[in-house]
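Novice: From the sequence below, what's the structure:
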Amino acid sequence: MSDQSPTSQEQVHLLEERIQKLEQALKESEQVAQWLLLDKRAMEMRFKESEKLARIGYWETDLQTQELHWSDGFREILGYNVDTEPDMKLYKDMMSEEYAERLNAAIQKVFINRENYSFEHSLARPDGQFRTVELTLKLVFDEQTQQPTKLLGIVQDITARKASQKKLERLSLVAAKTSNAVFILEKDLKLEWMNDGYTRMTGYTSRELRDKYLHEVLALCGCDLRKYEDFAKNLSTSESISQELKIKNKQGDPLWILMSLTPTHDYSLNLVNYIAIIINITKRKEAEDKLVSANRELKEKNGIIEEKNQSITESITYAQRIQAAMLPSLSDIQKELPQSFVLLKPRDIVSGDFFWFATPHQHDEQGQIINKGKVMIAAIDCTGHGVPGAFMSMIGHSLLDEIVNERGVITPDRILSYLHAGVRYALRQQDSQNRDGMDLALVVLCKTMHTIEFAGAKNPLLYIQEGEMQMIKGDKFAIGGEDDNREYTLHRIDVSKPTTFYMYSDGYQDQFGGPAGKKFMRKNLRKLLLDNHQRPMPEQQHLLDYTIEKWRREADEKQVDDILVVGAHWPGSSG
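Specialist: Numbering: from 1, shown residues only. Model prediction:
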């Protein structure tokens, strides 16, 4: 009989349950192991990303096997790819001889003192770039034996930081010497540093403003914080903002400042601080206030001037109506010369150019009855234009009426001589320096004799017969001036043939315009008249007006002088 009792059914069942539990525990262990493996890989990935962002890498040497390992971050700092085999000689060759010796000495210190050791050195990478790094040497110890097992070198690329430090040093040097105020503010706008410029500007020292926030600094200086709040709403972590603010200095005197806030960032584009540049613009604001006041005063004066100009313009417009009433009507001229036109374009409202017309029916100088077939017409250009020219035109018109209608002078040369004497007398030129006067062309047409008598003071007469243009020049001296007595030349023309004649002032030919902004010129005026003399007189007038306006506008020129052109056609004895 055996000592062991047979296994019961219940015991078998318990064993099966225990096996199932062990198998479940094993599955859970495997799952946990997979999770831990995934978590380890994720941590490694996060470490690599952190290493890359922070520009940190490391190398480590196993002190027992002397095996060297480089992290990916360290490779990137050195400028090598992942295929490059770790080699301490490659690392040292990138240093200067001085830094290589310092590295050897630092490693010895770490083993002797068993303490971490850090120093900065530069690297010349294979791609030609230079890097400044901070190296920290550290021993890794066995937990049980407390003996060093690894030598670890943690390397951080501080090139960008060193460049920023240099920039900040230069900024600090400039900021210390500039007349403007400079604040360096923390991210929350707490004052970290200020130069002496703000003290010179306001009287407040860095000790008084230390550790204050920007709004507290401005409140201490009497700034309206509502203005500051509007300014602070636009504060940006990427762009500069500016605002004009009114503050007071320590003595209570008002100041205007222009404050500009500019964010600064580290190499990872993280906000580091703000730089505030504060400029004293008090003098500029005072000048602006004076300018506003002066503009207001100028506007008021301009209003007064505008009112006076309006009044003057209304007076000149009324004078223009008087001048227009004084001139002969075109209908009166066309009763005697049906085929005629007058183009008068004043430069201003009133004109110094005018035309004169008369049909004398009384007695001449000798008392003889004047032939009723005589028609007198003249084109006159007075000194000046606008109001002065208009006054001269009234003098000239009045004198011509008196000479012809009252004295009975009917020959053009004698009319000009009397007109010269009359102008000298009216302007008292014998007793003054006044030398004003007029240029003119005067025609006397005798319808019964089919003749034209002409005399001119500087201005010519153009006439066209059988398609040929002739010009009779006026005498070289004007009406008015120094000489007491002047005799003008009398010219006679046979107009028994159809004849078209023209008289004009110099305003048309002297008008600037065209493609080159030049004068229209006499030869172009004469050609224009010759080419179109057979057209109806109203059409000629329209063409002359259109041509000179187009010429002027082509160069965007203003009208430079009064313009006067008088034209008429006499049919001759056959008409």
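
Novice: Next, the distance between the ends of stretch 435-450.
Specialist: Looking at stretch 435-450, the gap from its leading to its trailing residue is 38 Å under the measure C-alpha to C-alpha, to the nearest Å.

Novice: so where's this structure uncertain?
Specialist: Within the chain, the set of residues satisfying pLDDT under 70 comprises 1-8, 12, 21-54, 164-165, 167-178, 266-268, 318-319, 361-371, 575.

Novice: now do 50
Specialist: Using pLDDT under 50 as the threshold, the predicted model of the chain has low-confidence ranges 1-4, 40, 43-44, 47, 50-53.

Novice: can you map out the strands along the stretch 401-550 of the chain?
Specialist: Here the stretch 401-550 of the chain has its strands, by DSSP state E, counting those that start in this stretch, at 438-446, 451-457, 461-465, 468-472, 491-494, 499-504, 512-513, 518-519.

Novice: can you tell which of the ones you listed is closest to Q251?
Specialist: strand 512-513 (62.9 Å; C-beta to C-beta). No exception for glycine: its C-beta is placed from N, CA and C like everyone else's.

Novice: Can you name the residues that contact R522?
Specialist: Under the criterion of C-beta atoms under 8 Å, 6 or more residues apart in numbering, the contact list for R522 reads Q509.

Novice: repeat that with 10 Å
Specialist: Residues in contact with R522, defined by C-beta atoms under 10 Å, 6 or more residues apart in numbering, are 460, 471, 504, 506, 508-510.

Novice: Just the buried ones out of those, please.
Specialist: Among the contacts of R522, those classed as buried by 16 or more other C-beta atoms under 10 Å are 460, 504, 506, 508-509.

Novice: L15: which of those is nearest?
Specialist: Nearest to L15 among these: Y508, at 133.2 Å, using C-beta to C-beta.

Novice: and the nearest residue to S573 once chain neighbours are set aside, how many neighbours?
Specialist: For S573, ignoring the flanking residues on the chain, the nearest one in space by C-beta to C-beta, 6 or more residues apart in numbering is S496 at 4.3 Å. The burial metric for S496, expressed as a neighbour count using other C-beta atoms under 10 Å, is 14.

Novice: Tell me if I'm right that S496 and H450 touch.
Specialist: Yes: taking contacts as C-beta atoms under 10 Å, S496 lies within contact range of H450: 4.2 Å.

Novice: Show me how the record splits this structure into domains.
Specialist: 46-157, 166-286, 318-570 (automatic domain parsing).

Novice: returning to what we had before: turn the buried ones among the contacts of R522 into CSV, including distance to F355.
Specialist: Converted to CSV, the buried ones among the contacts of R522 look like this (distance: C-beta to C-beta, whole Å):
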residue, distance to F355
P460, 16
Y504, 10
D506, 15
Y508, 14
Q509, 17
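
Novice: Taking those residues, tell me the two that lie furthest apart.
Specialist: Greatest spacing in those, by C-beta to C-beta: P460 and Y508 (13.1 Å).

Novice: Backbone dihedrals for T359, please?
Specialist: Note on T359: its backbone torsions stand at phi -130, psi 90 [degrees, to the nearest 10].

Novice: who touches Q129 in this structure?
Specialist: Under the criterion of C-beta under 10 Å, 6+ apart, the neighbours of Q129 are 79, 123, 159.

Novice: Just the ones of those residues in helices?
Specialist: T159 (DSSP state H).

Novice: can you pick the most crowded of the contacts of Q129?
Specialist: Ranked by neighbour count (other C-beta under 10 Å), the contacts of Q129 have L123 at the top, with 21 neighbours.

Novice: Let me see the contact set for it.
Specialist: 77-79, 91, 93-96, 99, 129-133, 155, 157, 159.

Novice: and if we set it to 6 Å?
Specialist: Shown here is L123, whose contacts under the criterion C-beta atoms under 6 Å, 6 or more residues apart in numbering are 94, 131.

Novice: and the spatially most central residue of the chain, how far is that from F357?
Specialist: Centroid-nearest residue in the chain, with C-alpha atoms, centre = their mean: E288, separated by 20.5 Å. In this structure, E288 and F357 are separated by 62 Å, where distance is defined by C-beta to C-beta, to the nearest Å.

Novice: ok, now I563?
Specialist: Per C-beta to C-beta, I563 is found 18 Å from F357.

Novice: In stretch 497-516, which residues are buried?
Specialist: By neighbour count with 16+ other C-beta under 10 Å, stretch 497-516 contains the buried residues 498-509, 511-514.

Novice: now, which of those residues sits nearest E307?
Specialist: Distance to E307, by C-beta to C-beta, is smallest for G507 among those, at 31.9 Å.

Novice: Contact partners for that closest one?
Specialist: Per C-beta under 6 Å, 6+ apart, neighbours of G507: 561-563.

Novice: quick one: which of the residues you listed sit in strands?
Specialist: Secondary structure defined by DSSP state E assigns I563 of the contacts of G507 to strands.

Novice: would you turn the contacts of G507 into TSV with distance to Y228 and neighbour count?
Specialist: What follows is those, written out as TSV (distance: C-beta to C-beta, whole Å; neighbours: other C-beta atoms under 10 Å):
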residue	distance to Y228	neighbour count
D561	63	22
D562	65	27
I563	66	25
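
Novice: Dump the contacts of G507 into TSV; add distance to S574 as well.
Specialist: Formatted as TSV, the entries for the contacts of G507 read as follows, by distance: C-beta to C-beta, whole Å:
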residue	distance to S574
D561	39
D562	37
I563	34
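
Novice: Compute the first-to-last residue distance for stretch 473-485.
Specialist: First-to-last residue span, stretch 473-485, C-alpha to C-alpha: 20 Å.

Novice: what about it, distance to the chain center?
Specialist: Stretch 473-485 has its C-alpha centroid displaced from the chain centroid by 53 Å (C-alpha atoms, centre = their mean, to the nearest Å).

Novice: next one: stretch 219-230
Specialist: Shown here is stretch 219-230, whose average C-alpha point lies 34 Å from the average C-alpha point of the whole chain (C-alpha atoms, centre = their mean).

Novice: before we move on, what about stretch 249-269?
Specialist: On C-alpha atoms, centre = their mean, the centre of stretch 249-269 falls 29 Å from the chain's centre.

Novice: Give the buried residues for it.
Specialist: 249, 255-259, 261, 263.

Novice: what do you get for stretch 64-77?
Specialist: Taking 16+ other C-beta under 10 Å as the neighbour-count basis, stretch 64-77 is seen to contain the buried residues 70-71, 73-77.

Novice: Quick check: nearest residue in space to L185, chain neighbours excluded?
Specialist: In space, L185 is closest to Y274, 4.3 Å off (C-beta to C-beta, 6+ apart).

Novice: The one you found pairs with what?
Specialist: Going by DSSP bridges, Y274 is paired in beta bridges with L185, P263.

Novice: and it, how many neighbours?
Specialist: By the other C-beta under 10 Å criterion, the neighbourhood of Y274 contains 23 residues.
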